[in-house]
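K.L.:
All I have is the shape, not the residue letters:
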């Protein structure tokens, strides 16, 4: 059987690995954030795996392209194992109970992990399997490329470019939550919006806004712990907690929880991280400090508030409503 058609799978895999590595090398922090969101073992961050991963992908790509003869079997085996591991990680993420943002190919392929992502990775595993089976012929990729004519090179380049683009440049859209928007006839009443999907990093890893708000109402105060205003906000935190009890109050920073905890260890239990800054934008909080109040009905109960003065007004208004609700409950009980 002619071996030329079997050049396509390894060339595709080489192109995908190179693009993936190049995208990851542009932003090591983004890869580390994805490791956290995917709940991969913590020791991988300890050994700097997010920083080493793109270099590993480049090494595998080079071996797959350049190793001759019997050594090509080794390169194809490494490639098959790597893409099988990627598929396991994706399938595992589908069972988290909440959507996860995927940076499998850096920001080029940034999107939500869905069944489509799993299918894509399964196809990549199949391509790697075909390359592995073909590797037992004993002919490396470069050796067979040298035998191609000009037409063969041109067709292979076009096919690899088109298919690689389809694999990598994609974004899975997450369906919007189905909670209806609450509409009030009184223009002075707050018009609640559904809480958008978003992830925040905490002591136990990433949690979705929906999961957090299902457990308790929460005031999220987005702040910059390195700014001059940070001590003022830190001092106001216990005051806001007292005013809004039993509402939980959190300070959310543009970093992972573990990083900001080292700056403010005394606030560790009340800190959350938004490393990609996506959740703040989805909540339409466009300033720091800024805040929103999450209700337990998966609707926003207040905000966004912009600036410390607006946050104080939001807290005061929410505290007044809590007091009124408590008084109503006591009266009903009597």
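P.N.:
Happy to help now that I have it. Just so you know, these numbers come straight off a predicted model, no measurement behind them.
K.L.:
Provide the secondary structure category for residue 221.
P.N.:
strand (DSSP: H, G, I helix; E, B strand; the rest coil).
K.L.:
cool, and residue 68?
P.N.:
Applying three-state DSSP: residue 68 is coil.
K.L.:
so it sits right up against residue 144, yeah?
P.N.:
No - contact criterion C-beta atoms under 8 Å: residue 68 and residue 144 do not qualify, at 10.3 Å. Bear in mind the C-beta positions are built from the backbone N, C-alpha and C, glycine included.
K.L.:
between those two, which one's more packed in?
P.N.:
residue 144 (18 against 13; other C-beta atoms under 10 Å).
K.L.:
Centre of the chain to the helix or strand the more buried one falls within, how far?
P.N.:
Using DSSP states H and E, the element containing residue 144 is helix 141-145. On the basis of C-alpha atoms, centre = their mean, to the nearest Å, helix 141-145 sits 38 Å off its chain's mean C-alpha point.
K.L.:
buried sites along it?
P.N.:
141, 144 (16 or more other C-beta atoms under 10 Å).
K.L.:
is it fair to say residue 139 lies in a helix?
P.N.:
No - Residue 139 is assigned coil when assessed by three-state DSSP, not a helix.
K.L.:
so where does residue 81 fall, helix or strand?
P.N.:
Residue 81 belongs to helix 71-93, assigned by DSSP H and E.
K.L.:
other SSEs contacting that helix?
P.N.:
Secondary-structure packing of helix 71-93 (3 or more C-beta pairs under 8 Å, 6 or more residues apart in numbering; DSSP states H and E): helix 8-26, helix 49-66, helix 115-135.
K.L.:
And the ones you listed: which comes nearest residue 321?
P.N.:
Closest to residue 321 of those, according to C-beta to C-beta: helix 115-135, at 41.7 Å.
K.L.:
picking up where we left off before, what mean pLDDT would you report for the helix holding residue 144?
P.N.:
For helix 141-145, mean pLDDT rounds to 76.
K.L.:
Pull the number of nearby residues for residue 202.
P.N.:
Using other C-beta under 10 Å, residue 202 has 20 neighbouring residues.
K.L.:
and what of residue 232?
P.N.:
Using other C-beta under 10 Å, residue 232 has 12 other residues around it.
K.L.:
next one: residue 195
P.N.:
Neighbour tally, residue 195, other C-beta under 10 Å: 24.
K.L.:
Just want the phi and psi numbers for it.
P.N.:
Dihedral pair for residue 195: phi -70, psi 120, per degrees, to the nearest 10.
K.L.:
can you pull the pLDDT of it?
P.N.:
82.
K.L.:
Name all residues that make contact with it.
P.N.:
177, 179, 209, 210, 213, 294, 295, 298, 299, 300 (C-beta atoms under 8 Å, 6 or more residues apart in numbering).
K.L.:
go again using 10 Å as the cut-off
P.N.:
The neighbours of residue 195, taking C-beta atoms under 10 Å, 6 or more residues apart in numbering as the test, are 177, 179, 208-210, 212-214, 282-283, 292, 294-295, 297-301.
K.L.:
roughly how far apart are it and residue 210?
P.N.:
6 Å (C-beta to C-beta, to the nearest Å).
K.L.:
If any of the contacts of residue 195 are buried, give me the PyMOL selection for them.
P.N.:
Selection of buried members from these for PyMOL, criterion 16+ other C-beta under 10 Å:
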select buried, resi 208+209+210+212+213+283+292+294+295+298+299+300+301
